[in-house]
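Asks: All I have is the shape, not the residue letters:
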């Protein structure tokens, strides 16, 4: 599918993940870190306090290479967008694109998404929010990760879309994975959210010592999920790293930290009881291990050493009982035998998945700020939702504590709009007509100023996936304008 369009016709597409429930105020500058994918709710959630940042400077427009400013913060709760990355020019975009008849994928469309990235020059400020953080974000449609703090206390917020409390009828925070690298205290901070390869990279300098990081959530496997972070050190001596695991903030349900060989583990749950209202409650195991260095898991910590010129990868396996009935064993088994060469293979397959995702379509927008927002929205959409997985609530799969509005499914514009981009983006293999079912006899649906379906019981038992998919609504195309015909919201 090829769409070559004007900026005006893509205003809807670039806005969908950057507008809150009651949005309407114009975009303006905020304060804090900047990112092209920091939003006021990954699935069109309620707007909150401005978490935007000062605009950052991109590396230039595709045609001239001159500097261009990034987009500022969204008053409805979005973080400021980072500066647009430069491109290699228009010439390579005009060659057309052959399409594979079997898959419908492009074999030669230019890849625009890798040109764009979010630049963070200071650690995020929203580190314990009930709405949207302004941290760098990762995800694979099931697991979402937000990266907090400077490198000496770097913390990864781990969340899964299905991690709901049935008894409380709300999304619960899941797991925090915290690092301690005291030898890098006081280091400079620079991170980049690279939406093409779906990675977050970091560079941290302290005198003559530099510690670099590269993190990703494995894109081609949303069942036996993995978060990988590779550390590369240049400098004198070594750097000691310790890792600890704890439940998400506000999650007081039973949890247990343990060890399995050289891996550190935590078991968390979203309810006290195994069964709530006749439905199985949510349980998750996270197991983490160092690959490329000798790790030691004891006293509720994993420790390892990073030496100059010897990369070490921290691999976290994140598996729920919904992913695998044998989730406790499988979470550990997925990482226990990994080697550095396995990490390289995982990276290659991850890149291949995201390249295939972007190859489904080609949209070029003359206004490069809007083009950046469009591809950033695609990145968020694939990071937060996937066919066969639980649908994301108001704040996507980036939840730090008990979420505002329970993180629920708001059955109006909020739940339809995030999927509009999918109509032009054509990723049919990513969203294949899932359905959202509701149980009016539980916490129920009701009309107020906006239509809302609170989740409990039956919704969670069926996976709560959204019916706002590309194949659930018709798409009309006229000239260079592509517009999705709205279908009515699901009824309760």
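Replies: Structure received. Keep in mind the model is a prediction, meaning the values are calculated, not measured.
Asks: Find the nearest non-adjacent residue to residue 157, please.
Replies: Closest residue to residue 157 apart from its sequence neighbours, by Cβ to Cβ, 6 or more residues apart in numbering: residue 146 at 4.3 Å. Quick note: C-beta positions are derived from backbone N, CA and C, even for glycine.
Asks: State whether the one you found and residue 396 are indeed in contact, as I suppose.
Replies: No: here residue 146 does not reach residue 396: they are 9.8 Å apart, not a contact under Cβ atoms under 8 Å.
Asks: circling back to that earlier point, give the helix, strand or coil label for the residue nearest to residue 157.
Replies: Judged by DSSP: H, G, I helix; E, B strand; the rest coil, the three-state class of residue 146 is strand.
Asks: Residue 259 now?
Replies: Relying on three-state DSSP, one would call residue 259 strand.
Asks: What is the burial count for it?
Replies: Neighbours of residue 259 under the rule other Cβ atoms under 10 Å: 17.
Asks: Please report how far the closest residue to it other than its chain neighbours lies from residue 363.
Replies: Nearest non-adjacent residue to residue 259, counting by Cβ to Cβ, 6+ apart: residue 297, 4.1 Å away. Counting by Cβ to Cβ, to the nearest Å, the gap from residue 297 to residue 363 is 47 Å.
Asks: what's the pLDDT at residue 255?
Replies: In this model, residue 255 is scored at 98, pLDDT.
Asks: ok, now which ones touch it?
Replies: 246-247, 266-269 (Cβ atoms under 8 Å, 6 or more residues apart in numbering).
Asks: Let's see which of these end up in strands.
Replies: Using DSSP state E, the subset of the contacts of residue 255 located in strands is 246-247, 266-269.
Asks: most surrounded residue in those?
Replies: Counting neighbours by other Cβ under 10 Å, residue 268 leads the ones in strands among the contacts of residue 255 with 26 neighbours.
Asks: quick one: the nearest residue to that one once chain neighbours are set aside and residue 300, what's the gap?
Replies: Leaving aside its chain neighbours, residue 268 sits nearest to residue 255 (4.7 Å; criterion: Cβ to Cβ, 6+ apart). Using Cβ to Cβ, we find residue 255 at a distance of 12 Å from residue 300.
Asks: Can you tell me the SS state at the residue nearest to residue 141 when sequence neighbours are not counted?
Replies: Spatial nearest neighbour of residue 141, excluding adjacent residues (Cβ to Cβ, 6+ apart): residue 386 at 2.6 Å. Under three-state DSSP, residue 386 falls in the coil class.
Asks: For residue 386, grab the count of nearby residues.
Replies: Quick note: residue 386 (other Cβ under 10 Å) scores 25 neighbours.
Asks: Residue 298 against residue 259, yeah?
Replies: Yes: at 6.5 Å, residue 298 counts as touching residue 259 under the criterion of Cβ under 8 Å.
Asks: sorry, back to before: tell me the confidence at the residue nearest to residue 141?
Replies: For residue 386, pLDDT reads 91.
Asks: wait, doesn't it sit right on residue 139?
Replies: No: using Cβ under 8 Å, residue 386 is not in contact with residue 139, being 9.2 Å away.
Asks: quick one, strands of the stretch 251-400 of the chain?
Replies: Using DSSP state E, counting those that start in this stretch, the strands found in the stretch 251-400 of the chain span residues 256-260, 263-269, 275-276, 279-280, 283-291, 296-298, 301-307, 312-320, 362-364.
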